[in-house]
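*Asks:* attaching a predicted model along with its sequence, questions to come.
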Amino acid sequence: MTDNIWQTAPLSTTIDHVLQRFHETHHHQAESILPLAEKVSRVHADKISADLLPLLQQMFAELESHMQKEERVLFPMIKNGMGSNAAMPVRMMMLEHDDHAAAIAQLLAITDNLTPPADACRSWNSLYAQLNEFVEDLQNHIKLENEILFPRALNE
């Protein structure tokens, strides 16, 4: 669905979409990416940034915490028609979105914009391909919440 659909869809439908399309996807991405990042970091320790694995571990841990706050606090408030009272939780989520964006920038900086070296093995290429998809998904997730879901919820 395009962003325009979310401008008018019921908020509960938008939240369900976020949960299925992004939260579930990020859980699966973490399950796939972290073990692969551990392997690539171990095998190519002399070539890959030593910061990559700790950064990814931190990113996924913070994302998991963030999604739990949305699922347990903010989304139930919005679904129960209390979105206009959710200014503080929304502000916190948006600040955390800024942190996620900063982590993405750091990830791109230490991976040459997720461009593997010419002689990279299949695992390294796969890792960067999966990270590209993760970054795009996370950016779209943040955009949908910041630009559509949260403003609409606060105004209802």
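*Replies:* Received, thanks.
*Asks:* gap between the two ends of stretch 136-152?
*Replies:* End-to-end span of stretch 136-152 (CA to CA, to the nearest Å): 23 Å.
*Asks:* same question for stretch 107-120.
*Replies:* OK, stretch 107-120 end separation, CA to CA: 18 Å.
*Asks:* in that stretch, which residues are buried?
*Replies:* 107, 111, 114, 116, 120 (16 or more other CB atoms under 10 Å). In this view, the C-beta of every residue, glycine as well, is placed from N, C-alpha and C.
*Asks:* looking at these, which is nearest residue 152?
*Replies:* For those, the residue nearest residue 152 by CB to CB is residue 107; the value is 29.8 Å.
*Asks:* my guess is that closest one contacts residue 54. True?
*Replies:* No - between residue 107 and residue 54 there is no contact under CB atoms under 8 Å: 11.4 Å.
*Asks:* just curious, which of the buried residues of stretch 107-120 is nearest to residue 18?
*Replies:* Using CB to CB, the buried residues of stretch 107-120 come closest to residue 18 at residue 107, 22.1 Å.
*Asks:* list the contacts for that closest one?
*Replies:* Residue 107 makes contact with 52, 55-56, 59, 114, 131, 135, according to CB atoms under 8 Å, 6 or more residues apart in numbering.
*Asks:* my read: residue 62 touches residue 97, true?
*Replies:* No - between residue 62 and residue 97 there is no contact, the gap being 10.9 Å when judged by CB under 8 Å.
*Asks:* who has more neighbours, those two?
*Replies:* Taking neighbours as other CB atoms under 10 Å, residue 62 and residue 97 compare with residue 97 leading, 19 against 14.
*Asks:* chain center to the one helix or strand the more buried one maps to, what's the gap?
*Replies:* In this structure, residue 97 sits in helix 87-110 according to DSSP states H and E. Helix 87-110 has its C-alpha centroid displaced from the chain centroid by 9 Å (CA atoms, centre = their mean, to the nearest Å).
*Asks:* buried ones in that helix, by neighbour count?
*Replies:* For helix 87-110, by 16+ other CB under 10 Å, it's 89-90, 93, 96-97, 100, 103-104, 107.
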